[in-house]
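Student: build me a structure from this.
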Amino acid sequence: MHSHRLSLLGALLVALLASHSSWAEGPKAAPALQESVELNLVNLDVVVTDRGGHRVSDLGQADFEVRENGKPVAITNFSRLGGLAASTAGVAPESSPAPALEPLQVVILVDNSSISPVSREAVLEQLRPLLAEKLKPQDRVMVASFGHAIRVHQPLTTDRKAVLAALDQVSKTPSLARETEEELDNFLESLDNYLEGESVEGCKNIIEPAVARYTSAVTQRVRGSLNATADLLRTLAAVPGKKQLLLVSDGLELRPGSYLISLLASLPSCPDPAASLRGQGTSIAFAMKAMGAVANAARVTIYPLDAGGARGSASGGNTTAQSSNAGRRPQVAAEQRSALQDSLTFLASETGGKAFLNVVEVAPVWQQMASDEDGSYSLAYESPRHYLGEHRWLEVKVKRRGLDVRYRRSWRDESVEDRMKQQLLAALWLGDTHNPLGVRLEPAGQVQTSEEGPLVPLRLGVPLQNLVLSTTANGHEGRLRVFVTSATADGESTNFTTSEVPIVIPEDRWAAAQAQLWGYDIRLLARQGTQTVAVGIEDIGAATTSVVTREVRVGSP
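Tutor: Next comes the predicted model:
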(Lines give C-alpha, C1' and ligand atoms only; values in the text may rest on other atoms or scores of the structure.)
Protein backbone atom coordinates (compact mmCIF):
# COMPACT_ATOMS: atom_id res chain seq x y z
CA MET A 1 0.00 0.00 0.00
CA HIS A 2 1.27 3.45 -0.94
CA SER A 3 -0.08 6.59 0.72
CA HIS A 4 0.50 10.32 1.16
CA ARG A 5 -0.73 12.42 4.06
CA LEU A 6 -0.74 16.21 4.41
CA SER A 7 -1.65 18.02 7.61
CA LEU A 8 -3.51 20.90 5.94
CA LEU A 9 -7.30 20.82 5.81
CA GLY A 10 -8.37 19.46 2.48
CA ALA A 11 -5.23 17.41 2.00
CA LEU A 12 -5.52 14.11 0.22
CA LEU A 13 -4.94 10.59 1.43
CA VAL A 14 -4.21 8.42 -1.58
CA ALA A 15 -3.95 4.64 -1.37
CA LEU A 16 -3.17 2.11 -4.06
CA LEU A 17 -5.41 -0.94 -4.10
CA ALA A 18 -4.85 -3.99 -6.28
CA SER A 19 -3.17 -3.85 -9.65
CA HIS A 20 -6.58 -3.57 -11.28
CA SER A 21 -10.18 -3.89 -10.22
CA SER A 22 -12.99 -6.02 -11.52
CA TRP A 23 -14.83 -3.18 -13.22
CA ALA A 24 -15.97 -4.76 -16.49
CA GLU A 25 -16.09 -2.96 -19.77
CA GLY A 26 -16.96 -4.10 -23.26
CA PRO A 27 -14.15 -4.58 -25.76
CA LYS A 28 -12.96 -1.55 -27.68
CA ALA A 29 -10.63 -1.14 -30.58
CA ALA A 30 -7.16 -0.31 -29.33
CA PRO A 31 -6.24 3.30 -30.10
CA ALA A 32 -3.69 3.79 -32.85
CA LEU A 33 -0.28 4.75 -31.54
CA GLN A 34 1.19 7.89 -33.06
CA GLU A 35 4.70 9.17 -32.78
CA SER A 36 4.82 12.91 -32.25
CA VAL A 37 7.59 15.42 -31.73
CA GLU A 38 6.77 18.53 -29.77
CA LEU A 39 8.18 21.71 -31.26
CA ASN A 40 9.27 24.07 -28.53
CA LEU A 41 8.41 27.46 -30.01
CA VAL A 42 9.01 30.34 -27.60
CA ASN A 43 6.78 33.36 -28.23
CA LEU A 44 7.82 36.88 -27.28
CA ASP A 45 5.43 39.84 -27.28
CA VAL A 46 7.47 43.04 -27.58
CA VAL A 47 6.33 46.64 -27.13
CA VAL A 48 8.66 49.34 -28.51
CA THR A 49 8.34 53.06 -27.72
CA ASP A 50 10.48 56.15 -28.29
CA ARG A 51 11.74 58.44 -25.53
CA GLY A 52 8.43 60.28 -25.53
CA GLY A 53 6.51 57.08 -24.89
CA HIS A 54 5.02 56.91 -28.41
CA ARG A 55 4.63 53.55 -30.11
CA VAL A 56 7.24 52.76 -32.81
CA SER A 57 5.47 51.05 -35.70
CA ASP A 58 7.96 50.71 -38.56
CA LEU A 59 10.33 48.00 -37.34
CA GLY A 60 10.97 44.75 -39.19
CA GLN A 61 12.39 41.38 -38.20
CA ALA A 62 15.94 42.46 -39.03
CA ASP A 63 15.70 45.26 -36.44
CA PHE A 64 15.46 42.79 -33.53
CA GLU A 65 18.06 40.62 -31.82
CA VAL A 66 17.09 37.92 -29.31
CA ARG A 67 19.36 36.09 -26.86
CA GLU A 68 18.58 33.14 -24.59
CA ASN A 69 20.93 32.65 -21.64
CA GLY A 70 23.30 35.06 -23.36
CA LYS A 71 23.42 33.20 -26.69
CA PRO A 72 21.91 34.61 -29.91
CA VAL A 73 18.93 32.70 -31.31
CA ALA A 74 17.37 32.91 -34.76
CA ILE A 75 13.94 34.54 -35.02
CA THR A 76 11.75 32.10 -36.92
CA ASN A 77 8.43 33.97 -36.79
CA PHE A 78 7.73 37.69 -36.85
CA SER A 79 4.56 39.72 -37.10
CA ARG A 80 3.01 42.99 -36.06
CA LEU A 81 -0.18 42.91 -34.04
CA GLY A 82 -3.24 45.12 -34.16
CA GLY A 83 -2.60 48.77 -34.90
CA LEU A 84 1.01 48.15 -35.91
CA ALA A 85 -0.08 45.64 -38.54
CA ALA A 86 -2.59 48.09 -39.98
CA SER A 87 -0.15 50.99 -40.07
CA THR A 88 2.78 49.15 -41.62
CA ALA A 89 1.20 46.58 -43.92
CA GLY A 90 3.67 45.52 -46.61
CA VAL A 91 6.60 47.56 -45.32
CA ALA A 92 8.90 44.67 -44.37
CA PRO A 93 9.02 41.70 -46.74
CA GLU A 94 10.28 39.38 -43.99
CA SER A 95 7.17 40.00 -41.93
CA SER A 96 4.66 37.17 -41.97
CA PRO A 97 1.00 38.08 -42.53
CA ALA A 98 -0.38 39.94 -39.52
CA PRO A 99 -2.73 37.78 -37.48
CA ALA A 100 -6.19 38.96 -36.60
CA LEU A 101 -6.23 40.90 -33.33
CA GLU A 102 -7.00 38.51 -30.48
CA PRO A 103 -9.71 39.34 -27.96
CA LEU A 104 -8.54 41.08 -24.82
CA GLN A 105 -8.05 38.55 -22.00
CA VAL A 106 -7.71 40.34 -18.67
CA VAL A 107 -7.33 38.85 -15.21
CA ILE A 108 -8.10 41.24 -12.35
CA LEU A 109 -6.28 40.03 -9.22
CA VAL A 110 -6.81 41.95 -5.98
CA ASP A 111 -4.09 41.24 -3.42
CA ASN A 112 -5.97 41.44 -0.12
CA SER A 113 -2.80 40.48 1.73
CA SER A 114 -1.37 43.94 1.08
CA ILE A 115 -4.09 46.34 0.01
CA SER A 116 -6.24 48.37 2.38
CA PRO A 117 -10.05 48.37 1.98
CA VAL A 118 -9.92 52.07 1.10
CA SER A 119 -7.38 51.48 -1.68
CA ARG A 120 -9.30 48.49 -2.98
CA GLU A 121 -12.64 50.23 -3.19
CA ALA A 122 -11.10 53.31 -4.82
CA VAL A 123 -9.88 51.07 -7.67
CA LEU A 124 -12.97 48.86 -7.96
CA GLU A 125 -15.29 51.86 -8.07
CA GLN A 126 -13.46 53.13 -11.17
CA LEU A 127 -13.11 49.67 -12.74
CA ARG A 128 -16.85 48.98 -12.78
CA PRO A 129 -17.77 51.55 -15.48
CA LEU A 130 -14.63 50.72 -17.50
CA LEU A 131 -15.58 47.05 -17.64
CA ALA A 132 -19.17 47.88 -18.49
CA GLU A 133 -18.34 50.39 -21.25
CA LYS A 134 -14.84 49.84 -22.67
CA LEU A 135 -14.77 46.11 -23.37
CA LYS A 136 -15.44 44.71 -26.81
CA PRO A 137 -18.08 41.94 -26.99
CA GLN A 138 -15.41 39.25 -27.51
CA ASP A 139 -13.12 40.43 -24.66
CA ARG A 140 -12.90 38.11 -21.66
CA VAL A 141 -12.32 38.99 -18.01
CA MET A 142 -11.47 36.90 -14.93
CA VAL A 143 -11.80 38.18 -11.36
CA ALA A 144 -9.75 36.72 -8.49
CA SER A 145 -8.47 37.76 -5.09
CA PHE A 146 -5.82 36.63 -2.64
CA GLY A 147 -6.02 36.64 1.14
CA HIS A 148 -4.78 33.48 2.77
CA ALA A 149 -5.39 31.65 -0.53
CA ILE A 150 -6.41 32.38 -4.12
CA ARG A 151 -10.14 32.70 -4.74
CA VAL A 152 -11.46 32.74 -8.30
CA HIS A 153 -14.67 34.73 -8.13
CA GLN A 154 -15.31 34.53 -11.85
CA PRO A 155 -13.42 32.52 -14.54
CA LEU A 156 -12.76 34.13 -17.92
CA THR A 157 -16.06 35.25 -19.38
CA THR A 158 -17.63 37.73 -21.79
CA ASP A 159 -20.61 38.13 -19.42
CA ARG A 160 -20.32 41.70 -18.13
CA LYS A 161 -22.94 41.25 -15.40
CA ALA A 162 -21.06 38.24 -14.04
CA VAL A 163 -17.82 40.25 -13.93
CA LEU A 164 -19.45 43.14 -12.08
CA ALA A 165 -21.04 40.72 -9.61
CA ALA A 166 -17.59 39.20 -9.02
CA LEU A 167 -16.16 42.66 -8.25
CA ASP A 168 -18.91 43.07 -5.66
CA GLN A 169 -17.78 39.80 -4.08
CA VAL A 170 -14.20 41.07 -3.92
CA SER A 171 -15.43 44.20 -2.10
CA LYS A 172 -16.77 41.96 0.67
CA THR A 173 -13.62 39.85 1.16
CA PRO A 174 -11.51 40.64 4.24
CA SER A 175 -8.32 42.66 3.84
CA LEU A 176 -5.22 41.50 5.71
CA ALA A 177 -3.33 44.76 5.22
CA ARG A 178 -4.17 45.93 8.73
CA GLU A 179 -2.09 43.06 10.12
CA THR A 180 1.04 44.49 8.49
CA GLU A 181 0.13 47.99 9.66
CA GLU A 182 -0.24 46.74 13.23
CA GLU A 183 3.14 45.01 13.07
CA LEU A 184 4.79 48.21 11.87
CA ASP A 185 2.97 50.21 14.57
CA ASN A 186 4.29 47.75 17.18
CA PHE A 187 7.81 48.40 15.94
CA LEU A 188 7.32 52.16 16.07
CA GLU A 189 5.97 51.89 19.59
CA SER A 190 9.00 49.81 20.57
CA LEU A 191 11.20 52.46 18.97
CA ASP A 192 9.57 55.15 21.12
CA ASN A 193 10.18 53.06 24.23
CA TYR A 194 13.79 52.49 23.26
CA LEU A 195 14.47 56.17 22.59
CA GLU A 196 13.46 56.97 26.16
CA GLY A 197 16.41 54.91 27.46
CA GLU A 198 18.67 54.49 24.42
CA SER A 199 20.90 51.69 25.71
CA VAL A 200 22.58 48.67 24.16
CA GLU A 201 20.52 46.44 26.43
CA GLY A 202 17.33 48.20 25.31
CA CYS A 203 18.31 47.72 21.68
CA LYS A 204 18.73 43.97 22.08
CA ASN A 205 15.70 43.47 24.30
CA ILE A 206 13.23 45.87 22.68
CA ILE A 207 14.16 46.92 19.15
CA GLU A 208 15.80 43.81 17.70
CA PRO A 209 12.90 41.49 18.69
CA ALA A 210 10.39 43.96 17.24
CA VAL A 211 12.25 44.07 13.90
CA ALA A 212 12.55 40.27 13.85
CA ARG A 213 8.80 39.83 14.44
CA TYR A 214 7.90 42.28 11.68
CA THR A 215 10.36 40.83 9.17
CA SER A 216 9.33 37.22 9.82
CA ALA A 217 5.61 37.97 9.50
CA VAL A 218 6.02 39.99 6.29
CA THR A 219 8.32 37.37 4.71
CA GLN A 220 5.76 34.64 5.36
CA ARG A 221 2.96 36.75 3.90
CA VAL A 222 4.92 37.74 0.79
CA ARG A 223 5.94 34.15 0.02
CA GLY A 224 2.33 33.02 0.46
CA SER A 225 1.15 35.68 -1.97
CA LEU A 226 3.79 34.75 -4.57
CA ASN A 227 3.05 31.02 -4.36
CA ALA A 228 -0.70 31.53 -4.65
CA THR A 229 -0.34 33.94 -7.57
CA ALA A 230 1.96 31.45 -9.32
CA ASP A 231 -0.81 28.84 -9.05
CA LEU A 232 -3.23 31.24 -10.72
CA LEU A 233 -0.69 31.88 -13.48
CA ARG A 234 -0.23 28.15 -14.03
CA THR A 235 -3.97 27.89 -14.56
CA LEU A 236 -3.81 30.57 -17.23
CA ALA A 237 -1.20 28.54 -19.12
CA ALA A 238 -4.07 26.33 -20.26
CA VAL A 239 -5.74 29.36 -21.89
CA PRO A 240 -4.40 29.95 -25.41
CA GLY A 241 -3.14 33.35 -26.49
CA LYS A 242 -1.89 36.40 -24.63
CA LYS A 243 -3.24 37.34 -21.22
CA GLN A 244 -2.88 40.49 -19.14
CA LEU A 245 -2.97 40.48 -15.34
CA LEU A 246 -4.03 43.69 -13.60
CA LEU A 247 -2.51 43.27 -10.13
CA VAL A 248 -4.27 45.60 -7.69
CA SER A 249 -1.86 45.78 -4.77
CA ASP A 250 -0.14 48.10 -2.34
CA GLY A 251 3.06 46.17 -3.03
CA LEU A 252 5.23 43.40 -1.59
CA GLU A 253 8.62 43.96 0.04
CA LEU A 254 11.57 42.63 -1.96
CA ARG A 255 13.69 42.59 1.22
CA PRO A 256 11.21 42.42 4.09
CA GLY A 257 12.15 44.75 6.93
CA SER A 258 15.45 45.82 5.37
CA TYR A 259 14.72 49.50 5.93
CA LEU A 260 14.01 48.79 9.61
CA ILE A 261 17.30 46.93 9.97
CA SER A 262 19.11 49.88 8.36
CA LEU A 263 17.37 52.23 10.77
CA LEU A 264 18.38 50.00 13.66
CA ALA A 265 22.04 50.12 12.58
CA SER A 266 21.90 53.94 12.54
CA LEU A 267 20.75 54.25 16.16
CA PRO A 268 23.47 55.31 18.62
CA SER A 269 23.29 52.19 20.79
CA CYS A 270 22.65 49.72 17.93
CA PRO A 271 25.65 50.16 15.64
CA ASP A 272 25.96 46.46 14.75
CA PRO A 273 22.71 44.42 14.71
CA ALA A 274 23.08 40.77 15.56
CA ALA A 275 23.98 38.49 12.66
CA SER A 276 20.73 36.56 13.11
CA LEU A 277 18.76 39.76 12.73
CA ARG A 278 20.66 40.83 9.60
CA GLY A 279 19.75 37.47 8.12
CA GLN A 280 16.07 38.29 8.55
CA GLY A 281 16.25 40.71 5.62
CA THR A 282 16.63 37.92 3.08
CA SER A 283 15.78 38.98 -0.43
CA ILE A 284 12.83 37.27 -2.08
CA ALA A 285 13.71 38.74 -5.47
CA PHE A 286 14.53 35.27 -6.79
CA ALA A 287 11.06 34.04 -5.75
CA MET A 288 9.58 36.98 -7.65
CA LYS A 289 11.74 36.11 -10.65
CA ALA A 290 10.47 32.55 -10.47
CA MET A 291 6.87 33.78 -10.39
CA GLY A 292 7.63 36.05 -13.32
CA ALA A 293 8.96 33.05 -15.25
CA VAL A 294 5.70 31.20 -14.58
CA ALA A 295 3.80 34.21 -15.90
CA ASN A 296 6.02 34.33 -18.97
CA ALA A 297 5.52 30.64 -19.70
CA ALA A 298 1.77 31.24 -19.59
CA ARG A 299 2.05 34.38 -21.82
CA VAL A 300 0.75 36.59 -19.02
CA THR A 301 1.91 40.20 -18.85
CA ILE A 302 1.61 41.77 -15.39
CA TYR A 303 0.43 45.35 -14.92
CA PRO A 304 0.71 46.24 -11.21
CA LEU A 305 -1.57 49.04 -10.03
CA ASP A 306 -0.72 50.83 -6.80
CA ALA A 307 -3.72 52.90 -5.74
CA GLY A 308 -1.77 55.27 -3.50
CA GLY A 309 -3.08 58.37 -5.23
CA ALA A 310 -6.67 57.15 -5.37
CA ARG A 311 -6.46 56.13 -1.72
CA GLY A 312 -5.22 59.56 -0.74
CA SER A 313 -8.06 61.24 -2.67
CA ALA A 314 -10.68 58.96 -1.19
CA SER A 315 -9.44 59.41 2.39
CA GLY A 316 -8.69 63.12 2.20
CA GLY A 317 -4.96 62.48 2.25
CA ASN A 318 -5.00 60.36 5.41
CA THR A 319 -3.05 57.39 4.03
CA THR A 320 -1.75 54.44 5.99
CA ALA A 321 1.73 55.91 5.95
CA GLN A 322 0.34 58.97 7.78
CA SER A 323 -0.93 57.10 10.85
CA SER A 324 0.02 58.53 14.23
CA ASN A 325 3.13 56.43 14.75
CA ALA A 326 4.33 56.58 11.14
CA GLY A 327 3.76 60.32 11.15
CA ARG A 328 6.37 60.64 13.88
CA ARG A 329 8.76 58.54 11.82
CA PRO A 330 8.48 59.88 8.25
CA GLN A 331 11.71 58.15 7.28
CA VAL A 332 10.21 54.74 8.09
CA ALA A 333 6.98 55.53 6.26
CA ALA A 334 8.77 56.80 3.14
CA GLU A 335 11.22 53.89 2.98
CA GLN A 336 8.43 51.34 3.48
CA ARG A 337 6.45 52.91 0.64
CA SER A 338 9.49 52.82 -1.64
CA ALA A 339 10.16 49.16 -0.77
CA LEU A 340 6.58 48.20 -1.59
CA GLN A 341 6.59 50.00 -4.93
CA ASP A 342 9.95 48.55 -5.97
CA SER A 343 8.38 45.09 -6.08
CA LEU A 344 5.61 46.25 -8.39
CA THR A 345 8.11 47.78 -10.82
CA PHE A 346 10.15 44.56 -10.64
CA LEU A 347 7.19 42.31 -11.55
CA ALA A 348 6.19 44.55 -14.46
CA SER A 349 9.74 44.58 -15.83
CA GLU A 350 10.08 40.77 -15.60
CA THR A 351 6.94 40.14 -17.66
CA GLY A 352 7.04 43.00 -20.17
CA GLY A 353 4.30 44.98 -18.47
CA LYS A 354 4.24 48.40 -16.89
CA ALA A 355 3.83 49.45 -13.25
CA PHE A 356 1.42 52.25 -12.35
CA LEU A 357 2.28 53.86 -9.02
CA ASN A 358 0.28 56.32 -6.90
CA VAL A 359 -2.62 56.00 -9.32
CA VAL A 360 -5.49 58.46 -9.03
CA GLU A 361 -7.34 57.66 -12.28
CA VAL A 362 -7.65 54.04 -13.36
CA ALA A 363 -8.82 54.81 -16.92
CA PRO A 364 -5.29 55.56 -18.28
CA VAL A 365 -4.11 52.22 -16.90
CA TRP A 366 -6.83 50.39 -18.79
CA GLN A 367 -6.05 52.41 -21.92
CA GLN A 368 -2.36 51.42 -21.68
CA MET A 369 -3.24 47.73 -21.40
CA ALA A 370 -5.54 47.91 -24.41
CA SER A 371 -2.90 49.84 -26.37
CA ASP A 372 -0.22 47.24 -25.63
CA GLU A 373 -2.51 44.46 -26.79
CA ASP A 374 -3.37 46.36 -29.97
CA GLY A 375 0.13 47.39 -30.96
CA SER A 376 3.02 45.05 -30.28
CA TYR A 377 5.45 42.87 -32.19
CA SER A 378 5.30 39.10 -31.97
CA LEU A 379 8.65 37.28 -32.20
CA ALA A 380 9.26 33.54 -31.90
CA TYR A 381 12.27 31.24 -31.88
CA GLU A 382 12.91 27.53 -31.37
CA SER A 383 14.51 26.27 -28.17
CA PRO A 384 15.31 22.69 -27.08
CA ARG A 385 12.95 21.34 -24.42
CA HIS A 386 14.46 19.37 -21.56
CA TYR A 387 11.51 19.13 -19.14
CA LEU A 388 13.83 20.01 -16.30
CA GLY A 389 11.91 22.96 -14.93
CA GLU A 390 14.91 25.19 -15.61
CA HIS A 391 14.70 28.92 -16.20
CA ARG A 392 15.94 30.54 -19.40
CA TRP A 393 16.87 34.24 -19.32
CA LEU A 394 15.94 36.39 -22.31
CA GLU A 395 17.27 39.58 -23.81
CA VAL A 396 15.69 41.50 -26.70
CA LYS A 397 17.51 44.39 -28.34
CA VAL A 398 16.46 46.80 -31.08
CA LYS A 399 19.25 47.93 -33.36
CA ARG A 400 17.83 51.43 -33.67
CA ARG A 401 19.09 53.75 -30.93
CA GLY A 402 17.01 55.62 -28.36
CA LEU A 403 14.10 53.17 -28.11
CA ASP A 404 12.55 51.56 -25.05
CA VAL A 405 11.76 47.83 -25.33
CA ARG A 406 9.37 45.95 -23.04
CA TYR A 407 9.33 42.15 -23.13
CA ARG A 408 9.30 39.17 -20.78
CA ARG A 409 12.73 38.59 -19.26
CA SER A 410 12.62 34.82 -18.79
CA TRP A 411 10.69 31.66 -19.36
CA ARG A 412 10.63 28.27 -17.66
CA ASP A 413 11.16 24.93 -19.35
CA GLU A 414 8.31 23.09 -17.65
CA SER A 415 8.46 19.65 -16.10
CA VAL A 416 5.73 17.04 -16.38
CA GLU A 417 4.64 17.93 -12.85
CA ASP A 418 4.35 21.61 -13.81
CA ARG A 419 2.16 20.80 -16.77
CA MET A 420 -0.09 18.47 -14.82
CA LYS A 421 -0.49 21.06 -12.10
CA GLN A 422 -1.56 23.54 -14.76
CA GLN A 423 -4.11 21.10 -16.11
CA LEU A 424 -5.57 20.32 -12.69
CA LEU A 425 -5.87 23.99 -11.74
CA ALA A 426 -7.48 24.74 -15.10
CA ALA A 427 -9.94 21.93 -14.46
CA LEU A 428 -10.81 23.29 -11.01
CA TRP A 429 -10.99 26.98 -11.80
CA LEU A 430 -11.86 27.05 -15.50
CA GLY A 431 -13.73 23.78 -15.99
CA ASP A 432 -11.18 22.78 -18.65
CA THR A 433 -10.74 18.98 -18.80
CA HIS A 434 -9.20 16.68 -21.41
CA ASN A 435 -9.59 12.93 -21.04
CA PRO A 436 -8.07 10.90 -23.92
CA LEU A 437 -7.46 7.90 -21.63
CA GLY A 438 -11.17 7.59 -20.86
CA VAL A 439 -10.61 7.85 -17.09
CA ARG A 440 -13.62 7.53 -14.76
CA LEU A 441 -13.97 9.01 -11.26
CA GLU A 442 -16.86 7.64 -9.20
CA PRO A 443 -17.97 7.39 -5.55
CA ALA A 444 -16.63 4.33 -3.75
CA GLY A 445 -18.81 4.16 -0.64
CA GLN A 446 -20.02 6.21 2.30
CA VAL A 447 -18.16 9.11 3.87
CA GLN A 448 -15.85 7.78 6.58
CA THR A 449 -14.74 9.39 9.82
CA SER A 450 -11.19 9.89 10.99
CA GLU A 451 -9.29 11.95 13.56
CA GLU A 452 -8.39 14.46 10.83
CA GLY A 453 -11.94 14.83 9.53
CA PRO A 454 -14.38 13.28 7.03
CA LEU A 455 -12.83 10.99 4.40
CA VAL A 456 -14.64 10.83 1.06
CA PRO A 457 -13.81 7.59 -0.82
CA LEU A 458 -13.52 7.83 -4.61
CA ARG A 459 -12.35 5.32 -7.21
CA LEU A 460 -10.48 5.94 -10.42
CA GLY A 461 -11.04 3.60 -13.33
CA VAL A 462 -8.71 3.53 -16.36
CA PRO A 463 -9.42 1.21 -19.34
CA LEU A 464 -6.35 -1.01 -19.60
CA GLN A 465 -6.72 -1.18 -23.37
CA ASN A 466 -6.06 2.57 -23.50
CA LEU A 467 -2.71 2.27 -21.72
CA VAL A 468 0.67 1.48 -23.24
CA LEU A 469 2.08 -1.58 -21.43
CA SER A 470 5.32 -3.44 -22.16
CA THR A 471 5.56 -7.21 -22.44
CA THR A 472 8.06 -8.57 -19.90
CA ALA A 473 8.92 -11.83 -18.18
CA ASN A 474 6.34 -10.96 -15.52
CA GLY A 475 3.55 -10.32 -18.01
CA HIS A 476 2.45 -6.85 -19.10
CA GLU A 477 3.86 -3.86 -17.22
CA GLY A 478 3.43 -0.11 -17.23
CA ARG A 479 3.67 2.93 -14.97
CA LEU A 480 1.23 5.70 -14.17
CA ARG A 481 1.55 8.95 -12.27
CA VAL A 482 -1.54 10.00 -10.33
CA PHE A 483 -1.95 13.67 -9.34
CA VAL A 484 -4.72 14.76 -6.99
CA THR A 485 -5.96 18.09 -5.63
CA SER A 486 -9.28 19.68 -4.70
CA ALA A 487 -10.95 23.05 -4.33
CA THR A 488 -13.72 24.32 -2.10
CA ALA A 489 -16.85 26.02 -3.40
CA ASP A 490 -15.28 29.46 -2.88
CA GLY A 491 -12.29 28.56 -5.08
CA GLU A 492 -9.61 27.77 -2.51
CA SER A 493 -7.45 24.85 -3.63
CA THR A 494 -5.44 22.40 -1.54
CA ASN A 495 -1.91 21.13 -1.99
CA PHE A 496 -1.11 18.49 -4.58
CA THR A 497 -0.26 14.87 -3.94
CA THR A 498 1.59 12.73 -6.46
CA SER A 499 2.00 8.96 -6.67
CA GLU A 500 3.92 6.91 -9.20
CA VAL A 501 2.17 3.56 -9.54
CA PRO A 502 3.37 0.35 -11.26
CA ILE A 503 0.95 -1.89 -13.17
CA VAL A 504 1.75 -5.59 -13.57
CA ILE A 505 -0.75 -7.91 -15.31
CA PRO A 506 0.31 -11.61 -15.42
CA GLU A 507 0.15 -13.22 -18.84
CA ASP A 508 -2.56 -15.69 -17.78
CA ARG A 509 -4.86 -12.78 -16.82
CA TRP A 510 -4.05 -10.48 -19.74
CA ALA A 511 -6.83 -11.58 -22.12
CA ALA A 512 -9.55 -10.92 -19.52
CA ALA A 513 -7.91 -7.78 -18.14
CA GLN A 514 -8.00 -5.92 -21.45
CA ALA A 515 -11.76 -5.61 -21.13
CA GLN A 516 -11.55 -4.23 -17.58
CA LEU A 517 -10.67 -1.02 -15.78
CA TRP A 518 -7.57 -0.69 -13.67
CA GLY A 519 -8.70 0.66 -10.28
CA TYR A 520 -7.14 3.19 -7.92
CA ASP A 521 -8.74 4.38 -4.67
CA ILE A 522 -8.58 7.93 -3.34
CA ARG A 523 -9.63 9.07 0.11
CA LEU A 524 -10.24 12.82 0.18
CA LEU A 525 -9.82 14.51 3.55
CA ALA A 526 -12.62 17.01 3.17
CA ARG A 527 -14.51 19.56 5.21
CA GLN A 528 -18.19 20.32 5.50
CA GLY A 529 -19.79 21.60 2.32
CA THR A 530 -19.16 21.16 -1.38
CA GLN A 531 -15.77 20.72 -3.00
CA THR A 532 -14.44 19.56 -6.33
CA VAL A 533 -11.70 16.97 -6.61
CA ALA A 534 -9.48 16.97 -9.71
CA VAL A 535 -7.38 13.95 -10.64
CA GLY A 536 -4.71 13.77 -13.32
CA ILE A 537 -3.37 10.53 -14.80
CA GLU A 538 -0.16 10.32 -16.82
CA ASP A 539 0.56 7.14 -18.77
CA ILE A 540 4.36 7.35 -18.57
CA GLY A 541 4.93 4.89 -21.41
CA ALA A 542 2.84 6.88 -23.86
CA ALA A 543 3.38 10.37 -22.34
CA THR A 544 -0.41 10.79 -22.44
CA THR A 545 -2.34 12.63 -19.74
CA SER A 546 -5.99 12.82 -18.71
CA VAL A 547 -7.79 15.03 -16.19
CA VAL A 548 -11.17 14.35 -14.59
CA THR A 549 -13.15 16.14 -11.88
CA ARG A 550 -16.02 15.27 -9.60
CA GLU A 551 -18.02 17.28 -7.09
CA VAL A 552 -18.32 15.84 -3.58
CA ARG A 553 -20.43 16.97 -0.66
CA VAL A 554 -19.98 16.46 3.04
CA GLY A 555 -22.76 17.09 5.54
CA SER A 556 -25.42 17.95 2.93
CA PRO A 557 -27.98 15.81 1.05
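Student: how about the secondary structure of T498?
Tutor: Reduced to three states with DSSP: H, G, I helix; E, B strand; the rest coil, the structure at T498 is strand.
Student: and it, how far is that from K172?
Tutor: To K172, T498 is 35 Å away according to CB to CB, to the nearest Å. In this view, the C-beta of every residue, glycine as well, is placed from N, C-alpha and C.
Student: compare these two (neighbour count), which wins?
Tutor: Taking other CB atoms under 10 Å, T498 and K172 do not tie; T498 has more neighbours (17 against 6).
Student: gap between the strand or helix carrying Q220 and the chain center?
Tutor: According to DSSP states H and E, Q220 maps onto helix 208-236. Relative to its parent chain, helix 208-236 has a centroid offset of 14 Å by CA atoms, centre = their mean, to the nearest Å.
Student: can you tell me the average pLDDT over it?
Tutor: Averaging the model's pLDDT scores along helix 208-236 yields 84.
Student: would you mark the buried spots in it?
Tutor: Using 16 or more other CB atoms under 10 Å as the test for burial, helix 208-236 gives 208, 210-215, 217-219, 221-222, 224-226, 228-236.
Student: downstream of that helix, the next helix or strand is which one?
Tutor: Counting by DSSP H and E, the next helix or strand C-terminal to helix 208-236 is strand 243-248.
Student: strands of the stretch 301-450 of the chain, start to end?
Tutor: Counting by DSSP state E, counting those that start in this stretch, the stretch 301-450 of the chain has these strands, from start to end: 377-382, 391-398, 404-406, 410-412, 440-443.
Student: worst average pLDDT in these?
Tutor: Minimum mean pLDDT among these: strand 410-412, a mean of 79.
Student: what lines up beside that strand in the sheet?
Tutor: Strand pairing for strand 410-412, determined by DSSP bridges: strand 391-398 (antiparallel).
Student: for the strand it pairs with, the distance to its chain's centre please.
Tutor: That offset, for strand 391-398, works out to 21 Å (CA atoms, centre = their mean).
Student: what is the mean pLDDT for the longest strand anywhere in the chain?
Tutor: Criterion DSSP state E: the longest strand present in the chain is strand 475-488. Strand 475-488 comes out with an average pLDDT of 88.
Student: can you give me the angle that strand makes with helix 208-236?
Tutor: Following axes from the mean of the first three to the mean of the last three CA atoms, to 10 degrees, one obtains 120 degrees for the angle between strand 475-488 and helix 208-236.
Student: show me what strand 475-488 is packed up against.
Tutor: When contacts are defined as 3 or more CB pairs under 8 Å, 6 or more residues apart in numbering; DSSP states H and E, strand 475-488 packs onto strand 12-15, helix 416-430, strand 470-472, strand 497-505, helix 507-513, strand 517-525, strand 529-539.
Student: relative to D342, which of these is closest?
Tutor: helix 416-430 (28.1 Å; CB to CB).
Student: what about the closest residue in space to R412 that isn't next to it in sequence, neighbour count?
Tutor: Spatial nearest neighbour of R412, excluding adjacent residues (CB to CB, 6 or more residues apart in numbering): A293 at 4.2 Å. Here the count is done by other CB under 10 Å, and A293 has 27 residues near it.
Student: got the buried residues for stretch 337-356?
Tutor: Buried residues in stretch 337-356, defined by neighbour count with 16+ other CB under 10 Å: 337, 339-356.
Student: now, the residues you listed that are in helices?
Tutor: Under the assignment DSSP state H, these contribute 337, 339-351 to helices.
Student: ok so, going back, out of the helices and strands packed on strand 475-488, nearest to G555?
Tutor: With CB to CB as the criterion, G555 lies closest to strand 529-539 of the helices and strands packed on strand 475-488, at 6.9 Å.
Student: from the chain's centroid, how far away is the closest one?
Tutor: 19 Å.
Student: give the pairing partners of it; include direction for each.
Tutor: As defined by DSSP bridges, the strand partners of strand 529-539 come to strand 475-488 (antiparallel), strand 544-554 (antiparallel).
Student: format these as a markdown table; extra columns: distance to I505 and mean neighbour count.
Tutor: As requested, the strands paired with strand 529-539 are exported to a markdown table (distance: least, CB to CB, whole Å; neighbours: other CB atoms under 10 Å):
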| stretch | distance to I505 | mean neighbour count |
| --- | --- | --- |
| strand 475-488 | 4 | 21 |
| strand 544-554 | 18 | 18 |
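Student: reformat these as CSV; add distance to L59.
Tutor: Below are the strands paired with strand 529-539 laid out as CSV (distance: least, CB to CB, whole Å):
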stretch, distance to L59
strand 475-488, 43
strand 544-554, 40
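Student: out of the ones you listed, nearest to F64?
Tutor: When the strands paired with strand 529-539 are ranked by proximity to F64, the top entry is strand 544-554, at 35.3 Å, counting by CB to CB.
Student: just the mean pLDDT for that closest one, thanks.
Tutor: The predicted model gives strand 544-554 an average pLDDT of 88.
Student: that concludes my questions; thank you for your assistance.
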